[in-house]
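**Student:** Got a predicted structure plus its sequence, pasted below:
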Amino acid sequence: MKIIKKILLLLLVVFIIAQFFGPEKNDGDLASIDAFIAETNPPEDVKLILKETCYDCHSDFTRYPWYNNITPVNYWLADHIKHGKKHFNVSKWEGNSIKRKDHKFEELIEMVEEKEMPLNSYTWTHSEAKLTDDQIKAVVDWAKMVRLKYGLEPKPE
């Protein structure tokens with residue numbers, strides 16, 4: 001029994017020490033999204049959807065929940081954000097070619113229609129990010145209009 005108590009005490013000490021360390025935060029400026037907004041011109045309802053469901057993981061600005069202060073949860077969140085930005089980062093929108101932008105919107109449409117985005121792990125703690133069918137339609141319709149603007153959308157036959 002003594003060995004179990006010692007192991008538990010050691011684990012507790014390691015957990016407490018770990019709280020003093022954490023990954024770098026995604027503390028950019030919300031202004032980094034301005035070029036994306038200006039170019040894609042989402043309607044107000046879609047702007048709100050993007051703010052509530054996308055920007056935390058797909059921009060240089062993240063609104064962190066209280067539990068981000070707990071190690072190892074903060075590392076898990078940082079990994080999600082890193083992968084999200086790798087696939088689709090609206091803060092770095094200006095540097096992309098028209099072809100790449102169109103492709104990103106093609107992926108956005110597919111992921112939202114298939115309800116793969118936002119991730120379930122995100123909506124568990126952000127219930128406001130769970131999209132209704134009407135919200136999905138609004139985002140998809142907007143994204144299709146953006147693709148038409150880019151001129152790369154396949155023409156209906």
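**Tutor:** Received it, and whenever you're ready, just let me know what you need.
**Student:** Quickly note the distance from the spatially most central residue of the chain to Ala38.
**Tutor:** By C-alpha atoms, centre = their mean, the chain has its centre lying nearest to Cys57, at 2.3 Å. As judged by C-beta to C-beta, to the nearest Å, Cys57 and Ala38 stand 21 Å apart. Bear in mind the C-beta positions are built from the backbone N, C-alpha and C, glycine included.
**Student:** Break down the chain into its helices, ranges please.
**Tutor:** Per DSSP state H, the chain carries helices over the ranges 2-18, 34-40, 44-53, 55-58, 73-87, 98-113, 120-123, 133-150.
**Student:** These: lowest mean pLDDT?
**Tutor:** Here the helices of the chain differ in mean pLDDT, and the lowest is helix 120-123 at a mean of 72.
**Student:** Could I have the CA atoms of that one written out in PDB?
**Tutor:** Below are the C-alpha coordinates for helix 120-123, written out as PDB (Å, rounded to 0.1, in the frame of the first residue of the first chain):
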ATOM      1  CA  ASN A 120     -17.300  17.000 -32.700                       C
ATOM      2  CA  SER A 121     -14.500  17.500 -30.100                       C
ATOM      3  CA  TYR A 122     -15.000  21.300 -30.600                       C
ATOM      4  CA  THR A 123     -18.800  21.200 -30.400                       C
END
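**Student:** So which residues make contact with it?
**Tutor:** With contact meaning C-beta atoms under 8 Å, 6 or more residues apart in numbering, helix 120-123 is reached by Thr53, Asp56, Cys57, His80, Ala129, Lys130.
**Student:** do that again at 7 Å, thanks
**Tutor:** Ala129, Lys130 (C-beta atoms under 7 Å, 6 or more residues apart in numbering).
**Student:** Can you tell me which of the helices of the chain is nearest to Pro65?
**Tutor:** helix 73-87 (8.2 Å; C-beta to C-beta).
**Student:** From the contact counts, what lies against that closest one?
**Tutor:** Contact partners of helix 73-87 among helices and strands, from 3 or more C-beta pairs under 7 Å, 6 or more residues apart in numbering; DSSP states H and E: helix 55-58.
**Student:** now the helix it packs on: how far from the chain's centre is it?
**Tutor:** 3 Å (C-alpha atoms, centre = their mean, to the nearest Å).
**Student:** which residues sit in contact with Trp124?
**Tutor:** Per C-beta under 7 Å, 6+ apart, neighbours of Trp124: none.
**Student:** how about a cut-off of 10 Å?
**Tutor:** Neighbouring residues of Trp124 by C-beta atoms under 10 Å, 6 or more residues apart in numbering: Lys130.
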